[in-house]
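In: 3D, please:
(4 chains)
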Protein chains: 2
Amino acid sequence: MSNTASRPPAADRQTAMRVVERIREALEDGTWKPGDKLPPEREFASTLGISRSSLRSGLGYLAAMGLLQVRHGVGAFISEAPTQFGAASLPFLDALHGYDIHQLFEARRILEGHIASLAAERTTERHLQQMAEELEEMEASIDQPHEYLIHDVRFHRIVAQAAGNSILAAIMESLTGALYEVRRSTTEQIADLHVTTKFHRDIYRAIRSGNSRTSRAAMEKHLTNAEADDDLPPKPKARKRSVKSKTKTSATARS
Amino acid sequence: MSNTASRPPAADRQTAMRVVERIREALEDGTWKPGDKLPPEREFASTLGISRSSLRSGLGYLAAMGLLQVRHGVGAFISEAPTQFGAASLPFLDALHGYDIHQLFEARRILEGHIASLAAERTTERHLQQMAEELEEMEASIDQPHEYLIHDVRFHRIVAQAAGNSILAAIMESLTGALYEVRRSTTEQIADLHVTTKFHRDIYRAIRSGNSRTSRAAMEKHLTNAEADDDLPPKPKARKRSVKSKTKTSATARS
DNA sequence: AGGCTGCAAGTGGTCTGACCACTCTGTATG
DNA sequence: CATACAGAGTGGTCAGACCACTTGCAGCCT
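Out: Numbers count the residues shown, from 1 in each chain, chains lettered A, B, ... in the order given. Sure thing, here's the model as predicted:
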């Protein structure tokens, strides 16, 4: 035993898993869809014939995976945002095995590079159209960094959809999100949005032309550039774990 | 708001998050390490000055992310297995956006292909040695499919370590795990372990020679072959979600 | 009338303490 | 010596109470 990473869920916590199953089914058969509000805990619990605490255990599981969004005093909602992929586990990955921020960038570059190349082969007219739209919006909001960022993210998201592999898309979403967390501080200051826009346009053109090699190259160039921009700071922390010094280094995230 | 995939964790559930934080810190400063057993819930709760239910809420979060392994009647342990990356969320990704099993294979092929190429550039003598060992073990257990599989998985894991990017490794681990879940049924029957071993040997040689292109090609060939083996069955279910027919199709997983 | 204030209902978050279910170990029994 | 069993330790579930946050509506003040 203990060989592979076999059973991710858990045989234990039967009751909680019943909740999870129930919700998964409701999602599959369309009873509930993203954005929907779940019944109040007390009511839902009695409906399922379990205690509120067990129900909460199940909901907690779903919330931990980002599938549910629970708002205190309001209710629980099926997540609307594109499904991520355990992004919340990144800080722990760090704590356990340690990783350099560069690794995050590298992973993203590899993933999105491939995504771009797939998009070149599989994109539809509709996706191209959406990309073009976001591109325009980006140009329009070129001096509103916050607004700009939104369209930037959307652009990448559309490319991922065009690639036609929702798993890759979810992974990308997850990496992007993690990166966003870390970058949040610097991101609003770096300026060359004109350059950034140019890169995006290159990517768009390459995908439209159906050239997967060029698309991939364009995407990688863009991301490499983005990483360089973000690195201006002190020079990424060395990230040596064995040091043991309690300096705490004020870490990466958390304001 | 609601723009990007900003804050994966949660501002709510303060108490539960305190537990999460506490454990993360304990992992970071080495107080606890993989395999360690956590204190009994009752005791731990009072140590943290919170109720057992809140504690359990936090532990549930960690367990959901695969960071903790809780065994009924025994205790909670820090996961020893290579950290995954939200593999448990795959079934929900399916429920929400739907995906074809081929997409899983494709994602893995892309990821591991790159991992192999990186490994070729970065591997150390030690990693090569470990790969060689597993290779031997595979040959030795060639007529014990179950045993063989263990070394198969380990081989891939070592390659991932050799690639020197723990994030990519975690993602791979996650995809592999998901695939393993689905394949469990067929996997023990397909036989050509001799062929499989040859593929692995090719990968090993390519990495050892430091040729990233060849390594990647070898890995991709191996995985393509593996996918083909698994597809022999009825021909992968069409996976059309809008059908609505309650046939249930007996789905992919679940024995 | 318009805007602000404050209360109350609805809902998630936490606490307590009891009891159930599962594991493991050490002892008594055959 | 091997098996069966009892007990301790620990996680899982339950119940009901109370706290904290949101929201909207009613009433008040200007």
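In: Break down chain A into its strands, ranges please.
Out: Counting by DSSP state E, chain A has strands at residues A:68-71, A:75-78.
In: Pipe those strands into a markdown table and attach mean neighbour count and mean pLDDT per row.
Out: From N, CA and C alone the C-beta is placed, and that goes for glycine too. Shown next, in a markdown table, are these (neighbours: other C-beta atoms under 10 Å in any protein chain shown; pLDDT from 0 to 100):
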| stretch | mean neighbour count | mean pLDDT |
| --- | --- | --- |
| strand A:68-71 | 17 | 94 |
| strand A:75-78 | 17 | 96 |
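In: Get me the contact residues on the stretch 151-255 of chain A for chain B.
Out: Residues of the stretch 151-255 of chain A found near chain B (C-beta under 8 Å from any C-beta of the partner chain) are A:153, A:165-168, A:170-171, A:173-178, A:180-181, A:241, A:244, A:246.
In: okay if I get the strands of chain A as JSON lines plus distance to DNA strand D?
Out: As requested, the strands of chain A are exported to JSON lines (distance: least, C-beta to the nearest atom of the strand, whole Å):
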{"stretch": "strand A:68-71", "distance to DNA strand D": "7"}
{"stretch": "strand A:75-78", "distance to DNA strand D": "9"}
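In: Columns distance to chain B on top of the ones you listed, output as TSV?
Out: Putting these into TSV (distance: least, C-beta to the nearest C-beta, whole Å) gives the following:
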stretch	distance to chain B
strand A:68-71	6
strand A:75-78	8
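In: can you list these in TSV and add distance to residue B:82?
Out: Output for these, formatted as TSV (distance: least, C-beta to C-beta, whole Å):
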stretch	distance to residue B:82
strand A:68-71	27
strand A:75-78	31
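In: next one: phi and psi at residue A:34?
Out: phi -50, psi 130 (degrees, to the nearest 10).
In: Number of residues surrounding it?
Out: 15 (other C-beta atoms under 10 Å in any protein chain shown).
In: ok, now which ones touch it?
Out: Residue A:34 sits next to A:78-80, B:96 when contact means C-beta atoms under 8 Å, 6 or more residues apart in numbering or on different chains.
In: And these, which is closest to DNA strand C?
Out: Nearest to DNA strand C, judged by C-beta to the nearest atom of the strand, of the contacts of residue A:34 is residue A:78 at 12.3 Å.
In: Quick check: beta-bridge partners of the closest one?
Out: Under DSSP bridges, the beta-bridge partners of residue A:78 are residue A:68.
In: related to what we said a few turns ago, check the contacts of residue A:34 and tell me the two furthest apart.
Out: A:80 and B:96 (10.1 Å; C-beta to C-beta).
In: Contacts only, for the residue lying closest to residue A:137 once chain neighbours are set aside.
Out: Among residues not flanking residue A:137 along the chain, residue A:151 sits closest, at 4.3 Å (C-beta to C-beta, 6 or more residues apart in numbering or on different chains). Contacts for residue A:151 (C-beta under 8 Å, 6+ apart) come out as A:134, A:137-138, A:141.
In: Give me the neighbour count for residue A:213.
Out: Neighbours around residue A:213, by other C-beta under 10 Å: 11.
In: The closest residue to it other than its chain neighbours: neighbour count?
Out: Nearest in space to residue A:213, with sequence neighbours left out and distances taken as C-beta to C-beta, 6+ apart, is residue A:117 at 6.9 Å. By the criterion of other C-beta under 10 Å, residue A:117 has 24 neighbours.
In: I'd assumed residue A:212 was in contact with residue A:117.
Out: Yes: look at residue A:117 against residue A:212 with C-beta atoms under 8 Å: they come within range, at 3.9 Å.
In: Distance of the one residue in chain A that gets nearest to DNA strand D relative to residue A:40?
Out: Per C-beta to the nearest atom of the strand, residue A:73 is where chain A lies closest to DNA strand D, at 2.3 Å. Distance, residue A:73 to residue A:40, using C-beta to C-beta, to the nearest Å: 11 Å.
In: More neighbours: which of these two?
Out: residue A:40 (11 against 5).
In: Show the contacting residues for residue A:57.
Out: So residue A:57 contacts A:13, A:15-16, A:19, B:56-57, B:60 (C-beta under 8 Å, 6+ apart).
In: ugh, typo on my part, it should be residue A:109
Out: A:219-220, A:223-224, A:227.
In: Now, of these, which are buried?
Out: Listed as buried from the contacts of residue A:109 are A:219-220, A:223, A:227; burial here means 16 or more other C-beta atoms under 10 Å in any protein chain shown.
In: Kindly indicate which of those residues lies nearest chain B.
Out: Checking the buried ones among the contacts of residue A:109 against chain B by C-beta to the nearest C-beta gives residue A:220 as the nearest, at 11.9 Å.
In: The closest one reaches residue A:113, doesn't it?
Out: Yes: assessed by C-beta under 8 Å, residue A:220 is found in contact with residue A:113 at 4.6 Å.
In: Within range of DNA strand C, give me the residues from the stretch 1-150 of chain A.
Out: Residues of the stretch 1-150 of chain A lying near DNA strand C by C-beta under 7 Å from any atom of the strand: A:38, A:40-42, A:52-53, A:56, A:70-76.
In: if we go to 6 Å?
Out: Within the stretch 1-150 of chain A, the positions near DNA strand C by C-beta under 6 Å from any atom of the strand are A:40-41, A:70, A:72-73, A:75-76.
In: would you turn these into a markdown table with distance to residue A:64?
Out: Shown next, in a markdown table, are those (distance: C-beta to C-beta, whole Å):
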| residue | distance to residue A:64 |
| --- | --- |
| A:40 | 21 |
| A:41 | 16 |
| A:70 | 10 |
| A:72 | 16 |
| A:73 | 20 |
| A:75 | 18 |
| A:76 | 13 |
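In: farthest-separated two in these?
Out: Maximum distance among these (C-beta to C-beta): 13.0 Å, for A:40 and A:72.
In: now residue A:215: how far from chain B?
Out: Distance, residue A:215 to chain B, by C-beta to the nearest C-beta, to the nearest Å: 14 Å.
In: In contact with that residue, which residues?
Out: Here residue A:215 is in contact with A:116-117, A:119-120, A:203, A:206-207 (C-beta under 8 Å, 6+ apart).
In: so where is chain A shaky, pLDDT-wise?
Out: A:1-12, A:87, A:183-191, A:230-255 (pLDDT under 70).
In: What's the nearest residue in it when you look at chain B?
Out: For chain A, C-beta to the nearest C-beta, closest residue to chain B: residue A:86, 1.6 Å.
In: Write out the residues of chain A neighbouring DNA strand D.
Out: Counting by C-beta under 6 Å from any atom of the strand, the residues of chain A near DNA strand D are A:12-16, A:50-51, A:53-54, A:57, A:72-74.
In: how about 7 Å then?
Out: Checking chain A against DNA strand D by C-beta under 7 Å from any atom of the strand, the hits are A:12-16, A:50-54, A:57, A:71-74.
In: What subset of these is buried?
Out: A:13, A:15-16, A:50, A:54, A:57.
In: Now for these: which two are most distant?
Out: Taking C-beta to C-beta, no two of those sit farther apart than A:13 and A:50, at 11.6 Å.
In: All the helices of chain A, residue numbers only.
Out: A:14-28, A:41-48, A:52-64, A:90-97, A:101-122, A:125-140, A:145-162, A:166-187, A:193-208, A:212-231 (DSSP state H).
In: Can I get those helices in JSON lines including distance to residue B:128?
Out: Below are these laid out as JSON lines (distance: least, C-beta to C-beta, whole Å):
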{"stretch": "helix A:14-28", "distance to residue B:128": "42"}
{"stretch": "helix A:41-48", "distance to residue B:128": "53"}
{"stretch": "helix A:52-64", "distance to residue B:128": "38"}
{"stretch": "helix A:90-97", "distance to residue B:128": "21"}
{"stretch": "helix A:101-122", "distance to residue B:128": "21"}
{"stretch": "helix A:125-140", "distance to residue B:128": "43"}
{"stretch": "helix A:145-162", "distance to residue B:128": "35"}
{"stretch": "helix A:166-187", "distance to residue B:128": "28"}
{"stretch": "helix A:193-208", "distance to residue B:128": "37"}
{"stretch": "helix A:212-231", "distance to residue B:128": "28"}
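In: Many thanks, I have nothing further to ask.
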